[in-house]
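Engineer: Here's my sequence, what's the structure:
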Amino acid sequence: MKNILLLFIILSSFQFSCSQKEKEQNDKLQVSESKFELLANGDLRFLRLTGTPYERGLAHGKALKTDIEDVIKLFKEDIIATTQRDPDEFINDFLAQTEYIAAVEKYTPELMEEVKGISDGSGIPLETIFMHQLADEYWFNAKDITTHSCSTFGVDKTSDLPSFTAQNMDIPEFYHGFQTAIHAKEVNSDKEIMYLAIPGHLGLTGMNNQSVSINCNTLMQLNYSKTGLPVTFIVRGVLSKNTQEEALAFLKEIEHASGQNYIIGGPERVYDLECSASQVVEYRPFANSIFAYHTNHPMSNTDYSTNYKASLLQNNKTVEEGLYECQRIKSFQSRFTETSQAITIEKIKEVLSSRDTDDTDVVSNRLTYASVIYELSDTPRFIIAPGKPHEKEYLEILWK
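Structural biologist: Numbering: from 1, shown residues only. Modelled structure (predicted):
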(Lines give C-alpha, C1' and ligand atoms only; values in the text may rest on other atoms or scores of the structure.)
Protein backbone atom coordinates (compact mmCIF):
# COMPACT_ATOMS: atom_id res chain seq x y z
CA MET A 1 0.00 0.00 0.00
CA LYS A 2 2.83 2.38 0.93
CA ASN A 3 4.53 1.65 -2.41
CA ILE A 4 1.32 2.40 -4.32
CA LEU A 5 0.87 5.66 -2.39
CA LEU A 6 4.51 6.64 -3.05
CA LEU A 7 4.05 5.88 -6.75
CA PHE A 8 0.90 8.00 -6.82
CA ILE A 9 2.74 10.96 -5.21
CA ILE A 10 5.64 10.64 -7.67
CA LEU A 11 3.30 10.47 -10.67
CA SER A 12 1.27 13.44 -9.37
CA SER A 13 4.44 15.48 -8.82
CA PHE A 14 5.66 14.56 -12.30
CA GLN A 15 2.34 15.55 -13.88
CA PHE A 16 2.32 18.86 -11.96
CA SER A 17 5.92 19.55 -12.99
CA CYS A 18 5.10 18.81 -16.63
CA SER A 19 1.98 20.95 -16.58
CA GLN A 20 3.90 23.76 -14.85
CA LYS A 21 6.66 23.61 -17.47
CA GLU A 22 4.06 23.50 -20.23
CA LYS A 23 2.37 26.58 -18.72
CA GLU A 24 5.71 28.44 -18.53
CA GLN A 25 6.46 27.53 -22.14
CA ASN A 26 3.00 28.68 -23.22
CA ASP A 27 3.45 31.92 -21.28
CA LYS A 28 6.78 32.54 -23.03
CA LEU A 29 5.24 31.68 -26.38
CA GLN A 30 2.42 34.13 -25.70
CA VAL A 31 4.95 36.79 -24.72
CA SER A 32 7.06 36.23 -27.83
CA GLU A 33 4.03 36.46 -30.09
CA SER A 34 2.67 39.78 -28.75
CA LYS A 35 0.98 41.82 -31.46
CA PHE A 36 0.48 45.54 -31.54
CA GLU A 37 -2.82 47.32 -32.10
CA LEU A 38 -3.36 50.39 -34.24
CA LEU A 39 -5.22 53.19 -32.45
CA ALA A 40 -6.26 56.73 -33.41
CA ASN A 41 -7.09 55.84 -37.01
CA GLY A 42 -3.75 54.10 -37.42
CA ASP A 43 -1.64 56.96 -36.05
CA LEU A 44 -0.58 55.14 -32.87
CA ARG A 45 0.92 51.69 -32.37
CA PHE A 46 -0.07 50.21 -29.01
CA LEU A 47 1.66 47.20 -27.51
CA ARG A 48 0.93 45.32 -24.27
CA LEU A 49 3.88 43.43 -22.79
CA THR A 50 4.27 41.09 -19.84
CA GLY A 51 6.99 38.83 -18.47
CA THR A 52 10.56 39.34 -17.35
CA PRO A 53 12.50 42.33 -18.69
CA TYR A 54 14.17 40.12 -21.32
CA GLU A 55 10.85 38.55 -22.33
CA ARG A 56 9.20 41.95 -22.67
CA GLY A 57 12.09 43.16 -24.79
CA LEU A 58 11.94 40.02 -26.94
CA ALA A 59 8.20 40.50 -27.53
CA HIS A 60 8.74 44.17 -28.31
CA GLY A 61 11.48 43.36 -30.81
CA LYS A 62 9.42 40.70 -32.57
CA ALA A 63 6.16 42.64 -32.69
CA LEU A 64 7.73 45.82 -34.05
CA LYS A 65 10.57 44.23 -36.02
CA THR A 66 9.79 45.92 -39.36
CA ASP A 67 9.30 49.34 -37.74
CA ILE A 68 12.52 48.95 -35.75
CA GLU A 69 14.44 48.14 -38.92
CA ASP A 70 13.00 51.24 -40.59
CA VAL A 71 13.75 53.50 -37.62
CA ILE A 72 17.33 52.25 -37.30
CA LYS A 73 17.89 52.85 -41.02
CA LEU A 74 16.74 56.47 -40.62
CA PHE A 75 18.82 56.91 -37.46
CA LYS A 76 21.93 55.72 -39.28
CA GLU A 77 21.22 58.13 -42.11
CA ASP A 78 21.13 60.94 -39.53
CA ILE A 79 24.48 59.79 -38.13
CA ILE A 80 25.98 59.95 -41.62
CA ALA A 81 24.56 63.44 -42.23
CA THR A 82 25.71 64.70 -38.83
CA THR A 83 29.15 63.12 -38.54
CA GLN A 84 30.08 62.24 -42.15
CA ARG A 85 31.11 58.85 -40.82
CA ASP A 86 30.13 55.24 -41.34
CA PRO A 87 27.32 54.78 -38.78
CA ASP A 88 28.45 51.38 -37.52
CA GLU A 89 31.98 52.66 -36.96
CA PHE A 90 30.61 55.75 -35.24
CA ILE A 91 28.43 53.65 -32.93
CA ASN A 92 31.32 51.35 -32.00
CA ASP A 93 33.60 54.31 -31.30
CA PHE A 94 30.91 56.19 -29.38
CA LEU A 95 30.26 53.27 -27.06
CA ALA A 96 33.99 52.62 -26.63
CA GLN A 97 34.62 56.24 -25.65
CA THR A 98 31.81 56.39 -23.10
CA GLU A 99 30.84 54.36 -20.05
CA TYR A 100 27.09 54.42 -20.50
CA ILE A 101 26.78 50.63 -20.58
CA ALA A 102 28.58 50.40 -17.22
CA ALA A 103 26.24 53.04 -15.76
CA VAL A 104 23.17 51.12 -16.94
CA GLU A 105 24.51 47.89 -15.48
CA LYS A 106 25.16 49.69 -12.19
CA TYR A 107 21.86 51.54 -11.75
CA THR A 108 19.29 49.74 -13.94
CA PRO A 109 20.66 46.28 -14.89
CA GLU A 110 17.18 44.93 -15.63
CA LEU A 111 16.88 47.44 -18.48
CA MET A 112 20.00 46.07 -20.13
CA GLU A 113 18.20 42.73 -20.21
CA GLU A 114 15.25 44.40 -21.91
CA VAL A 115 17.57 45.97 -24.50
CA LYS A 116 19.07 42.53 -25.16
CA GLY A 117 15.55 41.18 -25.68
CA ILE A 118 14.72 43.93 -28.19
CA SER A 119 17.94 43.15 -30.04
CA ASP A 120 17.23 39.41 -30.18
CA GLY A 121 13.61 39.92 -31.15
CA SER A 122 14.33 42.42 -33.93
CA GLY A 123 17.58 40.88 -35.19
CA ILE A 124 19.35 44.26 -34.86
CA PRO A 125 22.83 44.11 -33.25
CA LEU A 126 22.88 44.86 -29.53
CA GLU A 127 25.30 47.79 -29.93
CA THR A 128 22.95 49.46 -32.41
CA ILE A 129 19.85 48.94 -30.24
CA PHE A 130 21.73 50.32 -27.23
CA MET A 131 22.82 53.37 -29.25
CA HIS A 132 19.16 53.82 -30.23
CA GLN A 133 18.46 54.52 -26.54
CA LEU A 134 21.04 57.34 -26.42
CA ALA A 135 19.31 60.16 -28.32
CA ASP A 136 20.16 62.87 -25.78
CA GLU A 137 23.71 61.65 -25.30
CA TYR A 138 24.19 61.55 -29.08
CA TRP A 139 22.91 65.14 -29.31
CA PHE A 140 25.19 66.35 -26.51
CA ASN A 141 28.26 64.75 -28.03
CA ALA A 142 27.61 65.30 -31.74
CA LYS A 143 24.93 67.95 -32.29
CA ASP A 144 24.91 71.74 -32.26
CA ILE A 145 24.67 73.46 -28.88
CA THR A 146 21.43 75.21 -29.89
CA THR A 147 19.57 71.94 -30.48
CA HIS A 148 16.44 72.24 -28.34
CA SER A 149 12.91 70.95 -28.06
CA CYS A 150 10.10 69.72 -25.76
CA SER A 151 7.76 71.58 -23.42
CA THR A 152 6.67 70.21 -20.03
CA PHE A 153 4.10 71.14 -17.38
CA GLY A 154 2.95 69.89 -14.01
CA VAL A 155 0.42 71.00 -11.40
CA ASP A 156 -0.12 69.95 -7.78
CA LYS A 157 -3.27 68.35 -6.47
CA THR A 158 -5.88 70.83 -5.22
CA SER A 159 -9.07 70.38 -3.25
CA ASP A 160 -11.04 69.95 -6.47
CA LEU A 161 -8.58 68.47 -8.95
CA PRO A 162 -5.90 65.75 -8.97
CA SER A 163 -2.30 66.46 -9.88
CA PHE A 164 -1.33 66.39 -13.55
CA THR A 165 1.86 66.30 -15.56
CA ALA A 166 2.05 66.83 -19.29
CA GLN A 167 4.40 67.25 -22.21
CA ASN A 168 4.83 67.84 -25.89
CA MET A 169 7.61 65.44 -26.87
CA ASP A 170 9.56 67.09 -29.68
CA ILE A 171 12.08 64.89 -31.48
CA PRO A 172 13.64 64.78 -34.98
CA GLU A 173 11.12 64.46 -37.80
CA PHE A 174 12.53 61.18 -39.13
CA TYR A 175 10.98 59.47 -36.09
CA HIS A 176 7.52 60.82 -36.90
CA GLY A 177 5.01 58.33 -38.22
CA PHE A 178 6.25 55.68 -35.76
CA GLN A 179 4.36 56.92 -32.68
CA THR A 180 4.16 54.05 -30.19
CA ALA A 181 2.64 53.60 -26.73
CA ILE A 182 3.52 50.60 -24.58
CA HIS A 183 1.85 49.08 -21.52
CA ALA A 184 4.17 46.78 -19.59
CA LYS A 185 3.60 44.49 -16.64
CA GLU A 186 5.89 42.10 -14.85
CA VAL A 187 4.74 38.57 -14.05
CA ASN A 188 3.62 38.13 -10.42
CA SER A 189 3.68 41.89 -9.81
CA ASP A 190 1.07 44.61 -9.39
CA LYS A 191 3.38 47.19 -10.99
CA GLU A 192 2.30 48.43 -14.41
CA ILE A 193 3.80 51.19 -16.53
CA MET A 194 2.59 53.05 -19.60
CA TYR A 195 4.98 55.03 -21.76
CA LEU A 196 5.46 56.83 -25.05
CA ALA A 197 8.17 55.25 -27.19
CA ILE A 198 9.75 54.84 -30.59
CA PRO A 199 9.87 51.27 -31.96
CA GLY A 200 12.90 49.57 -30.39
CA HIS A 201 13.16 52.23 -27.66
CA LEU A 202 12.63 51.85 -23.91
CA GLY A 203 10.59 55.02 -23.47
CA LEU A 204 10.60 58.80 -23.83
CA THR A 205 8.15 59.73 -21.06
CA GLY A 206 5.60 57.82 -19.03
CA MET A 207 3.76 56.99 -15.84
CA ASN A 208 3.01 53.97 -13.65
CA ASN A 209 -0.13 52.76 -11.95
CA GLN A 210 1.16 54.12 -8.61
CA SER A 211 0.67 57.66 -10.04
CA VAL A 212 4.39 58.32 -10.44
CA SER A 213 5.24 60.03 -13.72
CA ILE A 214 8.20 61.56 -15.51
CA ASN A 215 8.39 64.19 -18.25
CA CYS A 216 11.66 65.54 -19.57
CA ASN A 217 13.21 68.14 -21.83
CA THR A 218 16.80 68.66 -22.93
CA LEU A 219 18.97 71.40 -21.41
CA MET A 220 21.85 71.51 -23.87
CA GLN A 221 23.51 74.35 -21.96
CA LEU A 222 24.29 72.18 -18.94
CA ASN A 223 27.26 69.97 -18.21
CA TYR A 224 27.13 66.40 -19.43
CA SER A 225 29.16 63.30 -18.68
CA LYS A 226 30.42 60.27 -20.59
CA THR A 227 30.08 58.14 -17.46
CA GLY A 228 26.57 58.96 -16.21
CA LEU A 229 23.21 57.25 -16.65
CA PRO A 230 21.55 58.11 -20.00
CA VAL A 231 18.16 59.85 -20.06
CA THR A 232 16.19 56.88 -21.43
CA PHE A 233 17.29 54.68 -18.54
CA ILE A 234 16.51 57.45 -16.06
CA VAL A 235 12.97 57.63 -17.45
CA ARG A 236 12.43 53.91 -16.99
CA GLY A 237 14.29 53.90 -13.68
CA VAL A 238 11.83 56.46 -12.31
CA LEU A 239 8.87 54.46 -13.62
CA SER A 240 10.10 51.40 -11.74
CA LYS A 241 9.68 53.18 -8.39
CA ASN A 242 6.68 52.66 -6.13
CA THR A 243 6.55 56.20 -4.79
CA GLN A 244 7.45 59.71 -5.83
CA GLU A 245 9.87 59.87 -2.89
CA GLU A 246 11.77 56.87 -4.27
CA ALA A 247 11.85 58.47 -7.72
CA LEU A 248 13.26 61.75 -6.38
CA ALA A 249 15.89 59.91 -4.34
CA PHE A 250 16.91 57.98 -7.47
CA LEU A 251 17.37 61.21 -9.46
CA LYS A 252 19.59 62.62 -6.72
CA GLU A 253 21.57 59.40 -6.26
CA ILE A 254 22.67 58.73 -9.83
CA GLU A 255 25.27 60.45 -11.99
CA HIS A 256 23.60 62.14 -14.95
CA ALA A 257 24.90 61.69 -18.48
CA SER A 258 23.02 64.65 -20.00
CA GLY A 259 21.68 68.04 -19.01
CA GLN A 260 17.96 67.48 -18.60
CA ASN A 261 14.91 68.90 -16.89
CA TYR A 262 12.61 66.36 -15.25
CA ILE A 263 9.10 66.96 -13.96
CA ILE A 264 8.36 64.17 -11.51
CA GLY A 265 4.68 63.73 -10.78
CA GLY A 266 3.05 62.19 -7.74
CA PRO A 267 -0.44 61.91 -6.23
CA GLU A 268 -0.09 65.13 -4.20
CA ARG A 269 2.61 67.31 -5.74
CA VAL A 270 4.87 67.70 -8.76
CA TYR A 271 8.59 68.48 -8.65
CA ASP A 272 10.70 70.10 -11.36
CA LEU A 273 14.40 69.22 -11.22
CA GLU A 274 17.10 70.61 -13.51
CA CYS A 275 19.84 67.98 -13.65
CA SER A 276 23.40 68.18 -14.95
CA ALA A 277 26.55 66.15 -14.48
CA SER A 278 27.29 67.94 -11.18
CA GLN A 279 24.03 69.47 -9.92
CA VAL A 280 20.39 68.63 -9.28
CA VAL A 281 18.45 71.84 -8.62
CA GLU A 282 14.71 72.33 -8.12
CA TYR A 283 12.88 74.96 -10.15
CA ARG A 284 9.56 76.67 -9.45
CA PRO A 285 8.24 79.71 -11.38
CA PHE A 286 7.64 81.63 -8.13
CA ALA A 287 7.35 81.00 -4.41
CA ASN A 288 4.42 78.78 -3.40
CA SER A 289 3.55 78.07 -7.03
CA ILE A 290 1.19 75.11 -7.42
CA PHE A 291 2.60 74.38 -10.88
CA ALA A 292 5.82 74.23 -12.87
CA TYR A 293 6.54 74.56 -16.58
CA HIS A 294 9.72 74.23 -18.55
CA THR A 295 11.17 74.33 -22.04
CA ASN A 296 14.86 74.25 -22.85
CA HIS A 297 16.64 76.89 -20.79
CA PRO A 298 18.08 76.30 -17.31
CA MET A 299 16.24 78.44 -14.77
CA SER A 300 18.04 77.32 -11.59
CA ASN A 301 20.99 75.10 -12.51
CA THR A 302 24.24 76.98 -13.27
CA ASP A 303 26.45 73.98 -14.05
CA TYR A 304 27.05 75.10 -17.64
CA SER A 305 29.04 73.06 -20.11
CA THR A 306 32.37 74.23 -21.51
CA ASN A 307 30.86 74.21 -25.00
CA TYR A 308 28.02 76.48 -23.96
CA LYS A 309 30.27 78.96 -22.18
CA ALA A 310 32.53 79.05 -25.24
CA SER A 311 29.50 79.73 -27.48
CA LEU A 312 28.40 82.59 -25.23
CA LEU A 313 31.84 84.13 -25.41
CA GLN A 314 32.03 83.72 -29.18
CA ASN A 315 28.66 85.44 -29.62
CA ASN A 316 29.34 88.19 -27.06
CA LYS A 317 26.44 87.03 -24.91
CA THR A 318 26.05 86.88 -21.16
CA VAL A 319 24.54 83.92 -19.32
CA GLU A 320 21.45 86.05 -18.61
CA GLU A 321 21.04 86.83 -22.33
CA GLY A 322 21.65 83.28 -23.51
CA LEU A 323 22.16 82.29 -27.14
CA TYR A 324 18.51 82.60 -28.13
CA GLU A 325 15.14 83.52 -26.66
CA CYS A 326 12.57 80.75 -26.32
CA GLN A 327 9.06 81.74 -27.35
CA ARG A 328 7.46 78.59 -25.97
CA ILE A 329 8.07 79.52 -22.34
CA LYS A 330 6.03 82.69 -22.89
CA SER A 331 3.01 80.59 -23.87
CA PHE A 332 3.07 79.02 -20.41
CA GLN A 333 3.86 82.26 -18.59
CA SER A 334 0.91 84.06 -20.15
CA ARG A 335 -1.56 81.31 -19.22
CA PHE A 336 -0.35 80.29 -15.77
CA THR A 337 0.25 83.08 -13.26
CA GLU A 338 0.18 83.67 -9.52
CA THR A 339 -3.60 83.98 -9.71
CA SER A 340 -4.11 80.64 -11.49
CA GLN A 341 -6.02 78.11 -9.38
CA ALA A 342 -8.26 75.54 -11.08
CA ILE A 343 -6.02 74.10 -13.81
CA THR A 344 -8.01 71.51 -15.70
CA ILE A 345 -7.07 69.01 -18.40
CA GLU A 346 -8.75 71.30 -20.94
CA LYS A 347 -6.52 74.20 -19.89
CA ILE A 348 -3.46 71.97 -20.24
CA LYS A 349 -4.60 70.81 -23.68
CA GLU A 350 -5.00 74.45 -24.69
CA VAL A 351 -1.38 75.34 -23.93
CA LEU A 352 0.01 72.15 -25.44
CA SER A 353 -1.92 72.88 -28.65
CA SER A 354 -0.93 76.54 -28.73
CA ARG A 355 0.72 78.31 -31.66
CA ASP A 356 0.99 81.82 -30.26
CA THR A 357 3.35 83.32 -32.84
CA ASP A 358 4.00 83.09 -36.54
CA ASP A 359 7.46 81.77 -35.70
CA THR A 360 8.35 78.05 -35.74
CA ASP A 361 9.21 78.17 -32.01
CA VAL A 362 5.70 77.41 -30.76
CA VAL A 363 4.54 74.78 -28.29
CA SER A 364 2.87 72.57 -30.91
CA ASN A 365 5.46 72.62 -33.68
CA ARG A 366 6.90 70.61 -36.56
CA LEU A 367 9.04 68.49 -34.20
CA THR A 368 6.14 67.49 -31.93
CA TYR A 369 6.03 63.69 -32.04
CA ALA A 370 3.24 63.32 -29.50
CA SER A 371 1.55 65.10 -26.63
CA VAL A 372 0.82 63.36 -23.31
CA ILE A 373 -1.18 64.22 -20.21
CA TYR A 374 -1.00 62.11 -17.05
CA GLU A 375 -3.74 62.33 -14.43
CA LEU A 376 -2.17 61.20 -11.14
CA SER A 377 -5.30 60.32 -9.22
CA ASP A 378 -6.41 57.18 -7.40
CA THR A 379 -7.35 55.89 -10.85
CA PRO A 380 -4.46 57.25 -12.96
CA ARG A 381 -5.12 58.14 -16.60
CA PHE A 382 -2.80 58.07 -19.63
CA ILE A 383 -3.95 60.53 -22.30
CA ILE A 384 -2.14 61.01 -25.60
CA ALA A 385 -2.37 62.84 -28.91
CA PRO A 386 -0.22 60.89 -31.43
CA GLY A 387 1.24 63.88 -33.24
CA LYS A 388 0.92 67.66 -33.06
CA PRO A 389 -1.98 68.35 -30.68
CA HIS A 390 -3.26 71.25 -32.74
CA GLU A 391 -3.83 68.65 -35.48
CA LYS A 392 -4.49 65.39 -33.60
CA GLU A 393 -7.16 64.62 -31.02
CA TYR A 394 -6.33 63.27 -27.58
CA LEU A 395 -7.43 59.77 -26.58
CA GLU A 396 -7.18 57.85 -23.32
CA ILE A 397 -5.51 54.44 -23.22
CA LEU A 398 -6.93 52.24 -20.49
CA TRP A 399 -4.72 50.17 -18.22
CA LYS A 400 -6.76 46.99 -18.68
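Engineer: Could you count how many residues lie near residue 67?
Structural biologist: The number of residues packed near residue 67 is 18, by other C-beta atoms under 10 Å. Where C-beta positions appear, they are placed from N, C-alpha and C, glycine not excepted.
Engineer: Distance check, the closest residue to it other than its chain neighbours against residue 93.
Structural biologist: Distance criterion C-beta to C-beta, 6 or more residues apart in numbering; nearest residue to residue 67, sequence neighbours excluded, is residue 199 at 3.8 Å. Residue 199 sits 25 Å away from residue 93 when distances are taken as C-beta to C-beta, to the nearest Å.
Engineer: got the phi/psi numbers for the residue nearest to residue 340 when sequence neighbours are not counted?
Structural biologist: Closest residue in space to residue 340, ignoring its immediate chain neighbours: residue 291 at 7.0 Å, by C-beta to C-beta, 6+ apart. Note on residue 291: its backbone torsions stand at phi -140, psi 170 [degrees, to the nearest 10].
Engineer: helices and strands around whatever helix or strand residue 374 lives in, which ones?
Structural biologist: Secondary structure assignment for residue 374, by DSSP states H and E: strand 368-376. Counting contacts by 3 or more C-beta pairs under 8 Å, 6 or more residues apart in numbering; DSSP states H and E, strand 368-376 is packed against strand 163-170, strand 192-197, strand 205-208, strand 213-218, helix 345-352, strand 381-385.
Engineer: To residue 53, which of these lies closest?
Structural biologist: Residue 53 lies closest to strand 192-197 among the helices and strands packed on strand 368-376, at 11.8 Å (C-beta to C-beta).
Engineer: Work out the sheet partners of the closest one and label each with its direction, please.
Structural biologist: Take DSSP bridges as the rule and strand 192-197 pairs in its sheet with strand 180-185 (antiparallel), strand 205-208 (antiparallel).
Engineer: and residue 181, how many neighbours?
Structural biologist: Neighbour count for residue 181, taken as other C-beta under 10 Å: 26.
Engineer: should've said residue 319
Structural biologist: Number of residues near residue 319 (other C-beta under 10 Å) recorded here: 12.
Engineer: What of residue 205?
Structural biologist: Neighbourhood size, residue 205 [other C-beta under 10 Å]: 25.
Engineer: Then residue 154?
Structural biologist: Using other C-beta under 10 Å, the number of residues around residue 154 comes to 28.
Engineer: Ok, the one 10 residues further on next?
Structural biologist: Burial of residue 164, expressed as a neighbour count using other C-beta under 10 Å, amounts to 26.
Engineer: That one touches residue 154, doesn't it?
Structural biologist: Yes - counting by C-beta atoms under 8 Å, residue 154 is a contact partner of residue 164 at 6.8 Å.
Engineer: quick one, which of residue 199 and residue 93 is more surrounded?
Structural biologist: residue 199 (27 against 13).
Engineer: quick one: contacts for that one?
Structural biologist: 45, 64, 67-68, 70-71, 178, 180 (C-beta atoms under 8 Å, 6 or more residues apart in numbering).
Engineer: again, 7 Å this time
Structural biologist: By C-beta atoms under 7 Å, 6 or more residues apart in numbering, residue 199 lies in contact with 64, 67-68, 71, 178, 180.
Engineer: Those in helices, which ones?
Structural biologist: Judged by DSSP state H, those include 67-68, 71 as members of helices.
Engineer: Reformat those as a markdown table; add distance to residue 216 and pLDDT.
Structural biologist: Listed next are the ones in helices among the contacts of residue 199 as a markdown table, based on distance: C-beta to C-beta, whole Å; pLDDT from 0 to 100:
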| residue | distance to residue 216 | pLDDT |
| --- | --- | --- |
| 67 | 23 | 98 |
| 68 | 22 | 98 |
| 71 | 20 | 98 |
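Engineer: Just give me the closest of those residues to residue 393.
Structural biologist: Nearest to residue 393 out of those is residue 67 (C-beta to C-beta; 22.8 Å).
Engineer: Roughly how far does that closest one sit from residue 121?
Structural biologist: Distance from residue 67 to residue 121, by C-beta to C-beta: 12 Å.
Engineer: Kindly report the same for residue 214.
Structural biologist: Here the criterion is C-beta to C-beta. By it, residue 214 lies 25 Å from residue 121.
Engineer: Is the closest residue to residue 208 other than its chain neighbours bridged to anything, and to what?
Structural biologist: Using C-beta to C-beta, 6+ apart and skipping the chain neighbours, the partner closest in space to residue 208 is residue 193 (4.6 Å). Applying DSSP bridges to residue 193 yields these beta-bridge partners: residue 184, residue 208.
Engineer: isn't there a strand covering residue 153?
Structural biologist: Yes - under DSSP: H, G, I helix; E, B strand; the rest coil, residue 153 falls within a strand.
Engineer: So it sits against residue 348, correct?
Structural biologist: Yes - in this structure residue 153 lies within contact range of residue 348 using C-beta atoms under 7 Å: 6.3 Å.
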